[in-house]
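>>> sequence and predicted structure below; questions after.
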Protein chains: 2
Amino acid sequence: MGESTLRDVAELAGVSPRTVSNVVNGYARVTDATRGKVERAIAVLGYRPNVLARNLAAGRSGQIVVVVPYLDTPYFAELLQAIIPAARKAGYNVLIDQTDGDRDHEAELIGRGPRRFLFDGMIISPLGLSQADLSLRDPALPLVVLGERPSDGTFDHVGIDDVAASTEAVRHLIAIGRRRIAAIGDQPYPTGEAAQLRTRGFRAAHAAAGLPVDESLIISTTRFNRVDGATAMTALLDRPDPPDAVFCYSDLVASGAIHTALQRGLRVPEDIAVIGYDDIEDGRYGRPTISTISPDKKAIAQLAVARLMMRIGSTEPVPGVELRAAHRLMPRQSTLTDVSATS
Amino acid sequence: MGESTLRDVAELAGVSPRTVSNVVNGYARVTDATRGKVERAIAVLGYRPNVLARNLAAGRSGQIVVVVPYLDTPYFAELLQAIIPAARKAGYNVLIDQTDGDRDHEAELIGRGPRRFLFDGMIISPLGLSQADLSLRDPALPLVVLGERPSDGTFDHVGIDDVAASTEAVRHLIAIGRRRIAAIGDQPYPTGEAAQLRTRGFRAAHAAAGLPVDESLIISTTRFNRVDGATAMTALLDRPDPPDAVFCYSDLVASGAIHTALQRGLRVPEDIAVIGYDDIEDGRYGRPTISTISPDKKAIAQLAVARLMMRIGSTEPVPGVELRAAHRLMPRQSTLTDVSATS
DNA sequence: AGGTTACATTGCAGCGCTGCAAAGGACTAT
DNA sequence: ATAGTCCTTTGCAGCGCTGCAATGTAACCT
C-alpha cells in the first residue's frame, strides 16, 4: 500500500477533502456523523497526514531548533530533555544543533542562512556570540536566548538569577564555617558574562559576611568541564595556603575538583568542601554527592518554549522580556557531613 | 523585504523559473551567461530556496533521524558529531531522538508513526528493542542499525567486531601480567547482546592464554555509566580476593571503577589495572588516562550514512549487510606505568 | 542545402495540504 | 409561507518548488 492522501480519505468517506482536513485538525464544528465516517475511512486506509505538505500550505515548518554549544554536557542534555516534550506538546518538532561554542557557527544560525526554512523559531544558548553579535541576527527569526546574554529588547531571555544563586552557594559555604573560599570558573572576557555573574555573587556573599576576598583564589577556566576543575584544583592544592572550600561554576568542574582532592588523600567535605552549579544527575549519584545550585530546568524549558510559541504566533514584533526561573540550593555530601537524604 | 521566490528571481533575470531551479541545483548544462544572470538576480534579491517546497515537490523530507538511547552519554554524543557532518555533506539534515532505551518509544519510531514524513531514513542504536522487535518495523523505512543487533537481512548493521575487540582488551591485561581479571558490564538477558559479545571476548582471551575464568568476577550492570562502574568496583574490592585488573564495558564504567579504586587508596594501574571501551574524550584527559578500545567512530558514521543514502535512493528493496568498522587498542596510563604519549 | 544531432531552455502539471470565503441546508422568527 | 439566521460543508486557488517531456535553436553531418 502506498501512502493514501487526504483526497483518498475524502472519496472513501464521501465528503470533501476540506472536511477531512477539518476532522484531522480537530477544527470547526463537524457533526459526529461526519466525523465518524471520516475517522473510519482514515482507519481503513491507514492515512496519516503529510507533514511536509501541511507545512508548505500553512507556511510554517513545524519545527523549532535548539542550539547548544555542547551536546555531551549533561546540563544541556538535561535541558533538552525538558524542552523536547514541551515543544512536542505545542505541536512542534525539535531540531538540535551543536555549535562547539563557535562564534561563526552561532552567528550563521541566527542569520539568514538557507536552513532558515527548516525552523519557525530558535532557542539558543550562546557561547561564542557576544552581546553585540546577537543584535546582528535576522530580525524575522523568533528567538529566545538562554543563559547569560540579557535581552537587547528584541528577543526574550530566560535564565535564573545567577548572582543571587551564586551568592547563596557561597553563603552556604560560609555558613558551614569555611573562611578561605576559592572560586573555579571565572571568565574575565566579553563572552564570559555568565561566569562573571557568578563571580559577582561570590564577592557579594563575602561582602555580606564581612569577609575579604582573596583574589588569587579566583581561578579562571576556558570551559566548565571536569578537566578544568581538576586542573584548577591541582593549582589550588599546590599552594602553601590552600582553600577550605571551593565554589565551582558547574557540577562538572566540581566533579573534577573533587576527584583531584580525593586523589590527594583529602577528605571532602571535611578537609575541603565543594559546591557546584547546575544539579546534573551525575552529581546526585557520585561519592560524595555534590552540593549544588539547582536551576529549575523544567521551568526554564517551559518558559522558553511558551515565549517562543508566542513569538512565532505573533505577526507584530514582540518586545523582548527577561524571564527568571527559580533555583534552589541543594546541600549534599560535598558540603555536609550529616546529610542522609540526597536528591 | 519578504522572502523572494524562484519566480521573482526568474523574472528579474529574464529566464524561466525552471532555469533558475536548474542553476540553484547545479543541474544540467546551463551556459555561463545564463548562470551569471541568474546568480546576479539571486544575489540582488537575497533569494534562498524554500526547503519545504522543494521537499514536497521532490517527495522527500531531506532529513534523516538518528535515534540514540541517551544524548548525554559521551559515546553517542561523539558518534553524533561524526554523523551530522557526514549527513550534511550528503544534503541531509539530521534530527536527533533520544529514547531512554525505552522499548515502546523505539518501537514507535521504527513503525508507521505520523512523524514518518519528517525523515527519509533512520540510523538507530537500539537498546530496549530486541532482535525480534526490529523485524516488526515499517518495511518502507530505510534503516541502518548501530551497535549489536545483527541484521535480519532487511536492514544494514554497522558496528565493530566486539568479540575481537574485547579479546584484545583482555589479552592486553594478560600481557601486562595480570591473572585475576574481572569484567564489569555483562547483561545476561535478550537485549544485552552487545554486552554478551564482550563477555565472549573476555572468555576467549582467557582460553587463548590457558587461564581459567572466575565466573564470580563477571559483574552485571543494567547500564554502562559511572555509577554502575563505581558500584561494581566496590563489590569487587570488598572481596577477600580482589582482582588485579578489570575490563570495563564502557569508558564511563571504567571511570567510575577507577574513581572507587583511587578513593580506597589503591594505585591504578599498579594495584589494579583498568581498561575501558569506547574511547571517549574524557578518558583521554583524566588522571590516569584510561586505556580503552577505540572504535573508529568516523568510519562507523560514514558507513552508516553512506548505506542509508543508498537505501533512500533505491526503489528496490536492498538486502541488508553487515558492515564492520575498525577498532584499535589504546593502551594508556590505566594499564601501563610508562606511557608518556597519550592521545 | 537539407537533415540530423545535441544541447540549453521552457511549460505544464502537480506534490498534499490549508486559508478564505462562499454555498448549502436546517431551523427559527414573523 | 417567507425571510432571516446559524452552522456545517464545500470549492477554489495556491504555498514554492521539481519531474518530465517538449520546445527552440545552434552546430554538425553528408
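Looks like it came in fine.

>>> hmm, stretch A:114-124 touching chain B?
Yes: using CB under 8 Å from any CB of the partner chain, we find that stretch A:114-124 touches chain B at A:114-118. Quick note: C-beta positions are derived from backbone N, CA and C, even for glycine.

>>> interface residues of chain A facing DNA strand C?
Taking CB under 7 Å from any atom of the strand as the measure of proximity, chain A contacts DNA strand C at A:3, A:5-7, A:17-18, A:21, A:24-25, A:47, A:49-50, A:53-54, A:56-58.

>>> can you map out the helices along chain A?
Taking DSSP state H as the test, the helices found in chain A are A:6-13, A:17-24, A:32-45, A:51-58, A:74-89, A:103-110, A:131-134, A:162-175, A:193-209, A:226-237, A:251-263, A:281-285, A:297-313.

>>> and those helices, which is most packed in?
helix A:251-263 (a mean of 26; mean count of other CB atoms under 10 Å in any protein chain shown).

>>> angle of it against helix A:74-89?
150 degrees (axes from the mean of the first three to the mean of the last three CA atoms, to 10 degrees).

>>> show me how far helix A:251-263 is from its chain's centre.
Relative to its parent chain, helix A:251-263 has a centroid offset of 23 Å by CA atoms, centre = their mean, to the nearest Å.

>>> could you do stretch A:300-310 as well?
12 Å.

>>> I'd say residue A:186 and residue A:220 touch.
Yes: in terms of CB atoms under 8 Å, residue A:186 counts as a neighbour of residue A:220; the distance is 4.7 Å.

>>> low pLDDT regions in the stretch 201-343 of chain A?
The model of the stretch 201-343 of chain A has pLDDT under 70 over residues A:338-343.

>>> in chain A, what residue lies closest to DNA strand D?
Proximity of chain A to DNA strand D (CB to the nearest atom of the strand) peaks at residue A:29, 2.3 Å away.

>>> nearest residue to the middle of chain A?
Chain A has residue A:79 as the residue nearest its centroid, 4.4 Å off, counting by CA atoms, centre = their mean.

>>> check contacts around it.
By CB atoms under 8 Å, 6 or more residues apart in numbering or on different chains, the contact list for residue A:79 reads A:68, A:125, A:146, A:297, A:300-301.

>>> can you rerun that using 7 Å?
Residue A:79 makes contacts with A:297, A:300-301, as judged by CB atoms under 7 Å, 6 or more residues apart in numbering or on different chains.

>>> residue A:78 now?
Residue A:78 makes contacts with A:280-281, A:297, as judged by CB under 7 Å, 6+ apart.

>>> and of those, the nearest to residue B:167?
Minimum distance to residue B:167 across the contacts of residue A:78 is 33.4 Å, recorded for residue A:281 (CB to CB).

>>> residue contacts, that closest one?
Listed by CB under 7 Å, 6+ apart, the contact partners of residue A:281 are A:74, A:78.

>>> and it, how far from residue A:292?
Distance, residue A:281 to residue A:292, using CB to CB, to the nearest Å: 11 Å.

>>> now do residue A:247
Separation of residue A:247 from residue A:292 (CB to CB) stands at 11 Å.

>>> now residue A:85
Distance from residue A:85 to residue A:292, by CB to CB: 24 Å.

>>> near chain B, which residues of the stretch 151-300 of chain A?
Neighbours of chain B within the stretch 151-300 of chain A, by CB under 7 Å from any CB of the partner chain: A:226-227, A:230, A:259, A:262-263, A:282, A:285, A:287.

>>> try 6 Å
Neighbours of chain B within the stretch 151-300 of chain A, by CB under 6 Å from any CB of the partner chain: A:227, A:262-263, A:285.

>>> let me know the closest of those residues to residue B:13.
Taking CB to CB as the measure, residue B:13 lies nearest residue A:227 of those, at 54.0 Å.

>>> residue numbers of chain A in contact with DNA strand D?
A:15-19, A:22, A:28-31, A:33-34, A:56-57, A:59.

>>> so among these, where is pLDDT lowest?
Of all the residues of chain A next to DNA strand D, residue A:28 has the smallest pLDDT value, namely 62.

>>> what's the spacing between stretch A:288-303 and its chain's center?
The chain centroid and the centroid of stretch A:288-303 are separated by 10 Å under CA atoms, centre = their mean.

>>> can you give me the end-to-end span of it?
Taking CA to CA, to the nearest Å, stretch A:288-303 runs 33 Å from one end to the other.

>>> again with stretch A:309-319
Start and end residues of stretch A:309-319 are separated by 14 Å (CA to CA).

>>> what about it, distance to the chain center?
22 Å.

>>> now flag whichever of the contacts of residue A:78 is closest to residue A:198.
Nearest to residue A:198 among the contacts of residue A:78 is residue A:280, at 16.2 Å by CB to CB.

>>> just checking, that closest one touches residue A:74?
Yes: at 3.9 Å, residue A:280 and residue A:74 qualify as touching, with contact defined as CB atoms under 6 Å.

>>> taking the stretch 151-300 of chain A, what residue is nearest to DNA strand C?
Taking CB to the nearest atom of the strand, DNA strand C has its nearest neighbour within the stretch 151-300 of chain A at residue A:156, 24.7 Å off.

>>> wait, that residue touches residue A:306, no?
No: taking CB under 6 Å as the definition, residue A:156 is not a contact partner of residue A:306, at 9.8 Å.

>>> what's the average pLDDT for stretch A:88-106?
91.

>>> what does it contact?
For stretch A:88-106, the external contacting residues (CB atoms under 6 Å, 6 or more residues apart in numbering or on different chains) are A:63-67, A:69, A:71, A:84, A:87, A:119, A:126-129, A:309, B:96.

>>> swap in stretch A:64-75?
Counting by CB under 6 Å, 6+ apart, A:76, A:83, A:87, A:92, A:94-99, A:101, A:109, A:119, A:121-125, A:127, A:278, A:280, B:72, B:74, B:77 sit against stretch A:64-75.

>>> the same query, at a cut-off of 7 Å, please.
The contact list for stretch A:64-75 (CB under 7 Å, 6+ apart) reads A:76-77, A:80, A:83, A:87, A:92, A:94-101, A:106, A:109, A:119-125, A:127, A:250, A:278, A:280-282, A:308, B:71-72, B:74, B:77, B:80.

>>> in contact with the closest residue to residue A:305 other than its chain neighbours, which residues?
Excluding the flanking residues, the one nearest residue A:305 by CB to CB, 6 or more residues apart in numbering or on different chains is residue A:86, at 4.1 Å. Residues in contact with residue A:86 (CB under 7 Å, 6+ apart) are A:301-302, A:305.

>>> how close does residue A:86 get to residue A:93?
To residue A:93, residue A:86 is 12 Å away according to CB to CB.

>>> cool, residue A:232 as well?
Distance from residue A:232 to residue A:93, by CB to CB: 40 Å.

>>> and what of residue A:21?
For residue A:21, the distance to residue A:93 - CB to CB - is 20 Å.

>>> now residue A:314
21 Å.

>>> same deal with residue A:33?
Distance, residue A:33 to residue A:93, using CB to CB: 33 Å.

>>> and what of residue A:273?
Here residue A:273 is placed at a distance of 44 Å from residue A:93 (CB to CB).

>>> what do you get for residue A:51?
The value you get for residue A:51 to residue A:93, if CB to CB is used, is 8 Å.

>>> same check, this time on residue A:319
From residue A:319 to residue A:93 the distance is 28 Å (CB to CB).

>>> cool, and residue A:198?
For residue A:198, the distance to residue A:93 - CB to CB - is 34 Å.

>>> hmm, back to that, so which of the residues of chain A next to DNA strand D are also by chain B?
residue A:56.

>>> can I get stretch A:239-250 in PDB, CA atoms only?
Only the C-alpha atoms of stretch A:239-250 are listed here, as PDB (Å, rounded to 0.1, in the frame of the first residue of the first chain):
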ATOM      1  CA  ARG A 239      49.600  26.400  47.200                       C
ATOM      2  CA  PRO A 240      51.100  26.800  50.600                       C
ATOM      3  CA  ASP A 241      47.700  28.100  51.800                       C
ATOM      4  CA  PRO A 242      45.100  26.000  50.100                       C
ATOM      5  CA  PRO A 243      41.400  26.900  50.500                       C
ATOM      6  CA  ASP A 244      39.000  25.100  52.800                       C
ATOM      7  CA  ALA A 245      36.100  25.300  50.300                       C
ATOM      8  CA  VAL A 246      35.600  25.800  46.600                       C
ATOM      9  CA  PHE A 247      32.700  27.200  44.700                       C
ATOM     10  CA  CYS A 248      32.700  25.600  41.200                       C
ATOM     11  CA  TYR A 249      30.800  27.200  38.400                       C
ATOM     12  CA  SER A 250      29.400  23.900  37.200                       C
END
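
>>> many thanks, we can stop here.
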